[in-house]
Structures are given as structure tokens and as C-alpha cells.
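Peer 1: Provide a 3D model corresponding to the input given below.
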Amino acid sequence: MFDPYFVMYPALTKLVGGIPVIVDTYPDFRIDLNKVVAAITPKTKLILLNSPGNPTGVVASPAEVRALAALAAERNVTLVSDEIYSSFAFDEPVTSPAAFNDRTLVIDGFSKSHGMTGWRLGYIHGPSEIIEAMTKLQQYTFVCAPQPVQWAGTVAMDYSTADFCANYRRKRDLIYHGLADKYEVAKPGGAFYIFPKAPRGTGNEFVTRAIENNVLVIPGSIFSQRDTHFRIAYAASDAMIERGIEVLRKLA
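Peer 2: Next up is the predicted model:
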């Protein structure tokens, strides 16, 4: 898995008896295929890709995705693609590795795209033997998603989220341009997060100062083996974003 990573990935890996192998992507959060090759061993079971990513908002390029898909196929390693933020891509469409590797296991859902976070409705597609094994596990644990939520999902699939995406693109531009001259920060290509580097000290120390100034941001160490950055979620009103920008500029 690539560092920074969604906070649950290492814990979920350990929960099923796996060992998380971390591949660093700092400072620009791009995928270096040579680092992935170096990390693969005969025991490697999965490569986990999240694009657009949480916490960085960075979208893997088509070339990065194609190369990763080819590598997974060559080494006979399952590639898991977490595409939960795929509806929110601002500068170019999200490229799925499933377009190049039909053994890819794709995870998606309605929590982010349609604001159905509390309803926990998701879906997967991929190799039939893996889906069949997952179905057995599902049948003996949670049985199924609640039936009304399933109906909501069928309606959601016919609902365009283009306006929401355009609004988040505008908010992305607002916060990126508000911070880029004061912070070292990669421009997000999707999702609704941005991951600046703390101007001094550790990420945790900076977050403490931000909270003292009534701005809630999240320390990057929750998502990373490094404690150098912090995450901002800009799924907020313009007024709140502008106030946050003002405080963060002062803190820099």
C-alpha cells in the first residue's frame, strides 16, 4: 500500500493476518513503479491502490495505473482498486486498472458520490472466484445491506453528480490557491482533501496550533509513517473554507 494511505488499510490488513508493506510516495505522492517492484516478495498477496486518494486527493495518472496493472498481472498479484472517490475527479477522468487488468478487484460505493455515508452501501467487481468467496463470507456475517438502502442505490445510479463535482472543483481551487504560496502542497486532482506540509515542526504540533485557533485539521501521521503533513477536508461551506485559509496563512 502507498504512503500516505487511508487510515484503516494497515489495521484491516493485520486483522486478516496480513503484513502491511508500505511504499513511500513523498513528496509529490506519485507512484514510483521501481519502489513497488522492490517491495514485492513471493508472499505478496495484494497491491492496494486508492485513486483519487485519501488523504491527499491525488489522482494516479493513466501511465501509473497502466504500469501498476501490468506489474500485478505479470507477478500474479491481486490488484485491489479502491475507487470510492472516482465520481470526484476534477482535471481528467479517473483511470481504473480494471481497464488494463481483468483480474483487478474494484471497490466502490455510494457514501462519497451521493452523500450516503451512514447507509453503508457499497459494491465490488472482479474475478469470479474471489467474488464467490466474498459472497460466502458476506452471507454468514451481515447477510445483506438493508433493502430500502438497496433501492436507494438503484435510484442513485441514475442521478448525475456532475454539479457536485463542479462545486468541489471550485472549492479545491479556492483552498489550493489560498495556501499554495505559503505551504508546500500537491494540487489535488480529486476527492475533497488536500494534504499540505506543516510549515515548521511536526504535523501533530501544527495541528495543535491550528485547533488552538479554532481550525480543525487532521495530523498526517494518522495516514502515514511520517509526521510532516496535515489533512484538510474541504467538504465545507465557502465561508468556512475562507476563514480556514485566513487562519492557516497567519499560522504559516
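Peer 1: so who does the closest residue to Ala73 other than its chain neighbours touch?
Peer 2: Closest residue to Ala73 apart from its sequence neighbours, by Cβ to Cβ, 6 or more residues apart in numbering: Asn101 at 4.9 Å. Heads up, the C-betas are built off the backbone N, CA and C, glycines and all. By Cβ atoms under 8 Å, 6 or more residues apart in numbering, the contact list for Asn101 reads 69-70, 72-73, 79.
Peer 1: again, only using 10 Å
Peer 2: Neighbouring residues of Asn101 by Cβ atoms under 10 Å, 6 or more residues apart in numbering: 65-66, 68-74, 78-79, 81.
Peer 1: and those as JSON lines, adding secondary structure, distance to Ala152 and neighbour count?
Peer 2: JSON lines is the format used below for the contacts of Asn101 (DSSP: H, G, I helix; E, B strand; the rest coil; distance: Cβ to Cβ, whole Å; neighbours: other Cβ atoms under 10 Å):
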{"residue": "Val65", "secondary structure": "helix", "distance to Ala152": "30", "neighbour count": "25"}
{"residue": "Arg66", "secondary structure": "helix", "distance to Ala152": "35", "neighbour count": "16"}
{"residue": "Leu68", "secondary structure": "helix", "distance to Ala152": "33", "neighbour count": "24"}
{"residue": "Ala69", "secondary structure": "helix", "distance to Ala152": "32", "neighbour count": "24"}
{"residue": "Ala70", "secondary structure": "helix", "distance to Ala152": "37", "neighbour count": "15"}
{"residue": "Leu71", "secondary structure": "helix", "distance to Ala152": "38", "neighbour count": "18"}
{"residue": "Ala72", "secondary structure": "helix", "distance to Ala152": "34", "neighbour count": "25"}
{"residue": "Ala73", "secondary structure": "helix", "distance to Ala152": "36", "neighbour count": "16"}
{"residue": "Glu74", "secondary structure": "helix", "distance to Ala152": "40", "neighbour count": "11"}
{"residue": "Thr78", "secondary structure": "strand", "distance to Ala152": "30", "neighbour count": "17"}
{"residue": "Leu79", "secondary structure": "strand", "distance to Ala152": "30", "neighbour count": "25"}
{"residue": "Ser81", "secondary structure": "strand", "distance to Ala152": "24", "neighbour count": "27"}
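Peer 1: can I get those in TSV with pLDDT?
Peer 2: Output for the contacts of Asn101, formatted as TSV (pLDDT from 0 to 100):
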residue	pLDDT
Val65	98
Arg66	98
Leu68	98
Ala69	98
Ala70	98
Leu71	98
Ala72	98
Ala73	97
Glu74	97
Thr78	97
Leu79	98
Ser81	98
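Peer 1: so how far is Phe29 from Glu64?
Peer 2: 11 Å (Cβ to Cβ, to the nearest Å).
Peer 1: Which one's more surrounded, the two?
Peer 2: The residue with more neighbours, out of Glu64 and Phe29, is Phe29; 21 against 18, by other Cβ atoms under 10 Å.
Peer 1: Confirm that the more buried one sits in a strand.
Peer 2: No - with DSSP: H, G, I helix; E, B strand; the rest coil as the criterion, Phe29 is located in coil rather than a strand.
Peer 1: For it, which residues are in contact?
Peer 2: Counting by Cβ under 10 Å, 6+ apart, Phe29 touches 2-4, 53, 55-60, 186, 188, 195, 229.
Peer 1: 8 Å instead, please
Peer 2: 4, 53, 56, 58, 186, 195.
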